[in-house]
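Visitor: quick one, fold the following:
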Amino acid sequence: MTALLFSLFAFAQDATEAGDAAPLTGYVWATEPLKPVRWPGSSVTVTDVELNERVEVVLVDGDMVRIRKNLDFGWVPTSGLTATDPITAELPEFELDLGAPGEVTLINEEAPEPTAPEGE
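Guide: Numbering: from 1, shown residues only. Below you'll find the predicted structure:
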């Protein structure tokens, strides 16, 4: 059993090192503006998909993916989609100083010590 786990781990690591993209299942995001077509090879578009817009994968067939956007279904190239959420991938890290109620300060540098209100 341990040998099986190690071989599966090695296989997963090899796939990651080879640069294989995550499988396209569930919800994915557009890496470019797309015009899904009714059928592969067709010129009839069904809707527009904007950059970073989330769509649902219905079927993967080679280098084409059948997607659903709201009530519309269409085919787009696999290269135009990613399983990585662009919103969470690009969030900057920052700290908040939650000092006085109703006052939020973004800390970029060392902030001066807050002064106590008069009468305390």
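Visitor: does S43 touch V37 like I think?
Guide: Yes. Using Cβ atoms under 8 Å, S43 is in contact with V37, at 6.8 Å. No exception for glycine: its C-beta is placed from N, CA and C like everyone else's.
Visitor: who's more crowded, those two?
Guide: More neighbours surround V37 than the other of S43 and V37, with 16 against 8 (other Cβ atoms under 10 Å).
Visitor: residues contacting that one?
Guide: Shown in contact with V37 (Cβ atoms under 8 Å, 6 or more residues apart in numbering): S43, V44, T45, V46, G74, W75, V76.
Visitor: strands along the protein, start to end?
Guide: With DSSP state E as the criterion, the chain has strands at 27-30, 54-61, 64-69, 72-77, 81-82, 95-97, 105-107.
Visitor: who's in contact with the fourth one?
Guide: By Cβ under 8 Å, 6+ apart, the surrounding residues in contact with strand 72-77 are 30, 34, 36-40, 42, 45-47, 49, 58, 63-67.
Visitor: can you pull the buried residues of it?
Guide: F73, G74, W75, V76 (16 or more other Cβ atoms under 10 Å).
Visitor: relative to R68, how far out is W75?
Guide: 11 Å (Cβ to Cβ, to the nearest Å).
Visitor: hang on, I meant S79
Guide: S79 is 19 Å from R68, by Cβ to Cβ.
Visitor: okay, the two: which has more neighbours?
Guide: Neighbour count, other Cβ under 10 Å: between S79 and R68, R68 has more, with 15 against 11.
Visitor: circling back to that earlier point, can you put the buried residues of strand 72-77 in a markdown table and add pLDDT and distance to E53?
Guide: Shown next, in a markdown table, are the buried residues of strand 72-77 (pLDDT from 0 to 100; distance: Cβ to Cβ, whole Å):
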| residue | pLDDT | distance to E53 |
| --- | --- | --- |
| F73 | 96 | 15 |
| G74 | 96 | 13 |
| W75 | 96 | 16 |
| V76 | 96 | 11 |
